[in-house]
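**Q** what follows is a protein structure lacking sequence information:
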């Protein structure tokens, strides 16, 4: 963490309450990944009844927590205090696109279709909309502007089978849908784009998320690095805390259950500690 930028204290976390008919394996992705943008001061897990937790990193390097939910009622809570940089994500209007033949090997997977992001389906529309835009950071910003204006935010408008092509047609979605559509347009232009999932507090913004929820945005490869873009909020924000990255939301699910337990309640916390 750079010493030239101040820090602010942040509390992040979540709690899940389940009812299961039988013991059920579950994997949670709620713990922030390692990052230069914050320092983890404290963290804790609390479960009722007391459950055995096993941590590991998935193939993308995202921290995962594996647990066997018992039959009956159970709850799992995660909390962490972080010191985050008092700064928004980097903006570089001059950041260039990289032609496919010069892209790093590890970025190529993020130019391909995935479960929810379908650049092959929306390629013609992408080139019609953005083919004449100046390549680089400005073209990606134009994609985000379009998605932000094209979609209306509406809870319940999409589900686990909804693709970027679906929301492009319905023009309704939540933050993950905005992100899937923007990623799809980027990939259609041969710009590597990956899905990012995490906590996003209301720091120095007049827009209040009620109730607080997990957030999704994307990272795009320009020049020699990844840049953050957020087609849902479409403005630089402070306090982003990354939980995980992947091709799309299927790679970064907050909870994956290997059975059918009923989720009775979920709460998410991401707020500045002011005292």
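**A** Sure thing, it's come through. Computed from a predicted model, the values in this text were never measured in an experiment.
**Q** could you pull out the strands in the protein for me?
**A** In the chain, the strands defined using DSSP state E lie at 7-20, 24-28, 38-48, 53-57, 63-69, 72-85, 152-153, 172-173, 193-199, 215-222, 225-229, 241-246, 255-257, 262-272.
**Q** what's the local residue count around residue 265?
**A** Counted with other Cβ atoms under 10 Å, the neighbours of residue 265 add up to 9. (Glycine included, C-beta is placed from N, CA and C.)
**Q** thought it was touching residue 14?
**A** No: under the criterion of Cβ atoms under 8 Å, residue 265 makes no contact with residue 14, lying 10.7 Å away.
**Q** which residues touch the residue sitting nearest the centre point of the chain?
**A** In the chain, the residue lying closest to the centroid (Cα atoms, centre = their mean) is residue 197, at 1.9 Å. With contact set as Cβ atoms under 8 Å, 6 or more residues apart in numbering, residue 197 has these partners: 29, 214-216, 242-246, 249, 252, 254.
**Q** ok, residue 240 next?
**A** Applying Cβ under 8 Å, 6+ apart to residue 240 gives the contacts 37, 89, 198-200, 215, 217, 228.
**Q** among those residues, show me the least confident.
**A** Lowest in pLDDT among the contacts of residue 240 is residue 37, which has 84.
**Q** not counting its neighbours along the chain, what's nearest that residue?
**A** In this structure, residue 37 finds its nearest non-sequential neighbour in residue 85, 5.1 Å apart by Cβ to Cβ, 6 or more residues apart in numbering.
**Q** one more: residue 43?
**A** residue 80 (4.0 Å).
**Q** does the one you found touch residue 12 like I think?
**A** Yes: using Cβ under 8 Å, residue 80 is in contact with residue 12, at 5.4 Å.
**Q** give the bridge partners for residue 152, please.
**A** On the basis of DSSP bridges, residue 152 is bridged to residue 172.
**Q** actually residue 88, not the one I typed
**A** Where residue 88 sits in a bridge, its partners, by DSSP bridges, are residue 238.
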